[in-house]
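**Student:** Kindly return the folded structure for what I paste below:
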Amino acid sequence: MSDMSRPIRVVVVDDQPLIRAGFAMVLAAQSDIEVVGEAENGADALALLARTEADVVIMDIRMPVMDGVEATGRLSQLADTPRVLVLTTFDTDEDAFAALQAGASGFLLKNTPPEEVVTAIRVVAAGESVVAPRVTRRLLDRFAGKLAPSARHDERLDALTLREREVLGLIAEGLSNSEVAERLFIAEATVKTHFGKILTKLDLRDRVQAVIFAYDSGLVSPQS
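**Tutor:** The predicted structure is shown next:
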């Protein structure tokens, strides 16, 4: 999570110079955001991030040498890794979901308005995700045949209480905190408390990763 006492440090990764320049220009106008580097492919991005501290990486998916999915997966294995926003053309892109599964905190469409890009960077830097649970759920349903859940029981589920499993299951179905609270007849603050414990117990970073875990572990299934 970014230290909000200093600017959010951003690295832009895209093989098209004009796109990189466009992002740099938009972000340079923000007092709380600083572009600390650019790279034209995933391999260059990993090399850059090995010597440059960053809070958020804007990562294109389709690039030569190393694509954004592989680069995101490698970044997610590192300690204190920056959070990744992947760039895609369609919100039902199979590669976009693969990037989420690899560890990205969300995705942006390439035609996203500049002000929404800025907001997304701030949200991700604060430790949240920028993909609505329903969108992640739609991706799960769409690609379920290719991304089948593991048949092996995930022992991390055993750490959750029954109520925590209920909360995680409903979040994975696309319900908001308020909708979960209404369904379970509990306060929304209680849902937030449960979800915080779920993230801690499962060693997950955000809501998107929680939804993907719920599917991969077999807690929920597509179109259930």
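**Student:** mind listing the helices for the chain?
**Tutor:** 17-28, 42-51, 68-76, 94-102, 114-125, 133-142, 162-172, 177-184, 188-202, 207-216 (DSSP state H).
**Student:** Compute the inter-axis angle for the fifth one and helix 17-28.
**Tutor:** Read it as helix 114-125. Here the directions of helix 114-125 and helix 17-28 differ by 70 degrees (axes from the mean of the first three to the mean of the last three C-alpha atoms, to 10 degrees).
**Student:** Over to the longest one?
**Tutor:** Using the same axes, to 10 degrees, the interaxial angle of helix 188-202 with respect to helix 17-28 works out to 130 degrees.
**Student:** Pull the residues that contact helix 188-202.
**Tutor:** 156, 159-160, 163-164, 167-168, 171, 177-178, 180-181, 184, 204-207, 210, 213 (C-beta atoms under 8 Å, 6 or more residues apart in numbering). To be clear about C-beta, it is placed using only N, CA and C from the backbone, and glycine gets the same treatment.
**Student:** I'd like the helices of the chain as CSV, with mean neighbour count, distance to Val10 and mean pLDDT appended.
**Tutor:** Listed next are those as CSV, based on neighbours: other C-beta atoms under 10 Å; distance: least, C-beta to C-beta, whole Å; pLDDT from 0 to 100:
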stretch, mean neighbour count, distance to Val10, mean pLDDT
helix 17-28, 15, 6, 91
helix 42-51, 17, 12, 94
helix 68-76, 23, 14, 91
helix 94-102, 23, 17, 79
helix 114-125, 18, 6, 88
helix 133-142, 20, 23, 64
helix 162-172, 19, 28, 93
helix 177-184, 16, 28, 92
helix 188-202, 16, 24, 94
helix 207-216, 23, 19, 82
